[in-house]
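Peer 1: no sequence on hand, only this structure:
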DNA sequence: TTGTAAGCGTTATCAT
DNA sequence: ATGATAACGCTTACAA
């Protein structure tokens, strides 16, 4: 079923069918109707490859997600869902590339096979070879997250420094004097994962401002690691009365650790951090946290990308979001004594 | 950067470059090396659209997921992750189509634009127009889930009837005499969502076998609905001592409902059901449940699809999985009195 | 208002 | 062992 078939059945030339579909040239009502009838009957739809070849664009964008082996956090899932939704609204398809490293074949295909008109990159490191490759390939792209050199690319990101700082101030206001930061995994932070570093910076700065002490810990991205981390923390630093975290995946484990130690939240211990919005509300108890509007971020990333695809020479735009801390049930005044 | 450019720089014809890459014709070592050097230097990679147009296949598969607006369950996420991973292993790209209904443009494009070589369909209804459309389009596809007519398509699915039945028997063995089934949402079940219906069937059958009573409830797919559902259940049916559920997303809310009613799990109340494996382990308390091996299912679905793409005339294969109930901490003997 | 034809980048069938 | 060339299905500049 191709355009030639439609054309001959409708008794017109192929170009007339093409123009009838695109509207780029006027077609008489009679022929248009004849063509449309044939199309409806046969269920014709232009071949995407032929169109892409001719037009030089694919109407597809690439979404580069962390490798499938690593489970996505709720926040990352929110990004994926909203990017996909935004793409659908713009009649674009989304090609998923689960690639972390540099030698990933799926990423290579994205890069230089002309498969996509642009890409959205997630989980960016401070130094990220994928960013350089995308720049080299002259493929328009937008980061959800950014590298150390903020102005080398277009991105939208959460201001982890500010947001963790807000968490610390909130805890300090409640009287907490010893606070722990539970960061993402050692590997990720060591690999230069931006949010991990910025969270630590914000943590340190806020502690200094308030003149209080804190300890920062890395923690694997799952519940088991969270449990282990909380247990160790309570054992080695019994003076700590509150945790701020950017590690969503560890939270269930952290809570279990507190529970096993006989600590009730928020009576004996406070927890806060930065997590995806819907998740904060579903947590038990509902989590006092900076709610990251994953939905907005995905949508805005898509807008930025569409802008770059339309005009690759526009200056890079950078959007930094610092959602305020929403008060819910997981933080409370430090326990006397 | 196209094959012609490479050819002229290497001083050979385009066909020689093509053959050097594909290996479908012997090329002298000298020229192959010359060509490879140019390719390495310029970072050439065949244009996907041109290749797809010529070869009649795209090396891409479509993954039809529930609309992005609805949040995916952990189990569904497991499917997506493992399908994407399996595709990457086979050097295939994955196009994501968030479409539930029939008139979804993204689904239309998948269907008849020649964008994909095959598709994997999730969240299938007993009567599902998408299945008919795919059949009509002669596009190879595999379902994770299946319609009422099992033999009209190729699929892999969880045997919800058996698995819920196992849960009921387990609870009955523990002495529970009044058990509730918490199903997926009213809308989904009313729309003919297979797992919802089969779970209910298995529930009813097992109750009959054990000569005990149960009530079945629909519940929205989120924590808020779970809370509401549990609250209502405890109010209207205080004799109920255990829940079996296929509604992962409602579980946190259900637990909160029990907590608010002062019921401890598993001392006062038992919970079990069918959920994704990793999630069962992270639950508090760890969930006694039939652990769905989402990883395997995605991988097997991919294998089935590759088989169908390779030979669309192979008879449909149907795989039904009934993972056994794994004992963890959320079920216990019914409380005396 | 409509038709003709070139060309997008590949692969594969002829030749040589 | 390699080169010339047609064809895949589409869009669009040019003709009529």
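Peer 2: Looks like it came in fine. Computed from a predicted model, the values in this text were never measured in an experiment.

Peer 1: tell me the residues of chain A that contact DNA strand D?
Peer 2: By CB under 7 Å from any atom of the strand, the part of chain A that sits against DNA strand D consists of A:2-4, A:14-15, A:18-19, A:21-22, A:24, A:44, A:46-47, A:50-51, A:53-55. Every C-beta, even on glycine, is put in place using the N, C-alpha and C of the backbone.

Peer 1: hmm, 6 Å instead?
Peer 2: Taking CB under 6 Å from any atom of the strand as the measure of proximity, chain A contacts DNA strand D at A:2-4, A:14-15, A:18-19, A:22, A:24, A:46-47, A:50-51, A:53-55.

Peer 1: report the buried members of these.
Peer 2: A:3, A:18-19, A:46-47, A:50-51, A:53 (16 or more other CB atoms under 10 Å in any protein chain shown).

Peer 1: identify those among those residues that sit within helices.
Peer 2: If you go by DSSP state H, these have A:3, A:18-19, A:50-51, A:53 in helices.

Peer 1: follow-up on the earlier one: tell me the one among the buried ones among the residues of chain A next to DNA strand D nearest to residue B:328.
Peer 2: Using CB to CB, residue A:47 comes nearest to residue B:328 of those, at 51.7 Å.

Peer 1: contacting residues for that closest one?
Peer 2: Contacts for residue A:47 (CB atoms under 8 Å, 6 or more residues apart in numbering or on different chains) come out as A:2, B:53, B:113-114.

Peer 1: which helices and strands sit right next to the strand or helix carrying residue A:198?
Peer 2: Using DSSP states H and E, residue A:198 sits in helix A:194-210. Of the remaining helices and strands, those touching helix A:194-210 by 3 or more CB pairs under 8 Å, 6 or more residues apart in numbering or on different chains; DSSP states H and E are helix A:160-173, strand A:178-182, helix A:186-190, strand A:213-217.

Peer 1: what angle sits between it and helix A:160-173?
Peer 2: 40 degrees (axes from the mean of the first three to the mean of the last three CA atoms, to 10 degrees).

Peer 1: for helix A:194-210, give me every contacting residue.
Peer 2: By CB under 8 Å, 6+ apart, helix A:194-210 touches A:124-126, A:145-148, A:157-166, A:168-169, A:172, A:179, A:181, A:183-184, A:188-189, A:213-214, A:216, A:218, A:244, A:246, A:274.

Peer 1: for the buried ones among these, write the corresponding ChimeraX selection.
Peer 2: Buried residues within the contacts of helix A:194-210, as defined by 16+ other CB under 10 Å, are selected in ChimeraX through the command that follows:
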select /A:124,125,126,145,146,147,157,158,159,160,161,162,163,164,165,166,168,172,179,181,183,184,188,189,214,216,218,244,246,274
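
Peer 1: so what's residue A:85 closest to, chain neighbours aside?
Peer 2: Closest residue to residue A:85 apart from its sequence neighbours, by CB to CB, 6 or more residues apart in numbering or on different chains: residue B:68 at 3.8 Å.

Peer 1: residue nearest the middle of chain A, spatially speaking?
Peer 2: The centre of chain A sits closest to residue A:79, judged by CA atoms, centre = their mean, with a distance of 4.0 Å.

Peer 1: is that one in a helix, a strand, or coil?
Peer 2: Under DSSP: H, G, I helix; E, B strand; the rest coil, the three-state class of residue A:79 is helix.

Peer 1: contact partners for the closest residue to it other than its chain neighbours?
Peer 2: What sits nearest to residue A:79 in space, not counting adjacent residues and going by CB to CB, 6+ apart, is residue A:298, at 4.8 Å. Residue A:298 sits next to A:78-86, A:144 when contact means CB under 8 Å, 6+ apart.

Peer 1: sec struct for residue A:298, please.
Peer 2: At residue A:298 the chain is in helix, as set by three-state DSSP.

Peer 1: list the contacts for the residue in the stretch 101-250 of chain A that DNA strand C sits nearest to?
Peer 2: Nearest to DNA strand C, among the residues of the stretch 101-250 of chain A, is residue A:114, at 7.5 Å (CB to the nearest atom of the strand). Neighbour list for residue A:114: A:52, A:58, B:47-49 [criterion: CB under 8 Å, 6+ apart].

Peer 1: which of the residues you listed are buried?
Peer 2: A:52, A:58, B:47-49.

Peer 1: that's a helix at residue A:319, yeah?
Peer 2: No - going by three-state DSSP, the assignment for residue A:319 is strand, not a helix.

Peer 1: is it bridged to anything, and to what?
Peer 2: Taking DSSP bridges as the rule, residue A:319 bridges to residue A:156.

Peer 1: where does pLDDT dip in chain A?
Peer 2: Within chain A, the stretches with pLDDT under 70 are A:337.

Peer 1: if we use 90, what do you get?
Peer 2: The model of chain A has pLDDT under 90 over residues A:1, A:67-74, A:99-104, A:222-223, A:252, A:256, A:276-286, A:335-337.

Peer 1: enumerate the residues of it near DNA strand C.
Peer 2: Going by CB under 6 Å from any atom of the strand, the residues of chain A near DNA strand C are A:12-16, A:25-28, A:31, A:53-54.

Peer 1: let's see that with 10 Å instead.
Peer 2: A:3, A:7-8, A:10-20, A:24-32, A:34-35, A:49-56, A:112-114 (CB under 10 Å from any atom of the strand).

Peer 1: as a quick check, tell me the outermost residue of chain A.
Peer 2: Computed with CA atoms, centre = their mean, the residue of chain A farthest from its C-alpha average is residue A:11, at 50.3 Å.

Peer 1: residue contacts, that one?
Peer 2: With CB under 8 Å, 6+ apart, residue A:11 has these contacts: residue A:34.

Peer 1: phi, psi of it?
Peer 2: phi 70, psi 30 (degrees, to the nearest 10).

Peer 1: with the contacts of residue A:47 in mind, which one is nearest to residue A:302?
Peer 2: Checking these one by one against residue A:302 (CB to CB), the nearest turns out to be residue B:113, at 21.0 Å.

Peer 1: for the nearest residue to that closest one once chain neighbours are set aside, what are its contacts?
Peer 2: Closest residue in space to residue B:113, ignoring its immediate chain neighbours: residue A:48 at 4.3 Å, by CB to CB, 6+ apart. Applying CB under 8 Å, 6+ apart to residue A:48 gives the contacts A:58-59, B:49, B:109, B:113-115.
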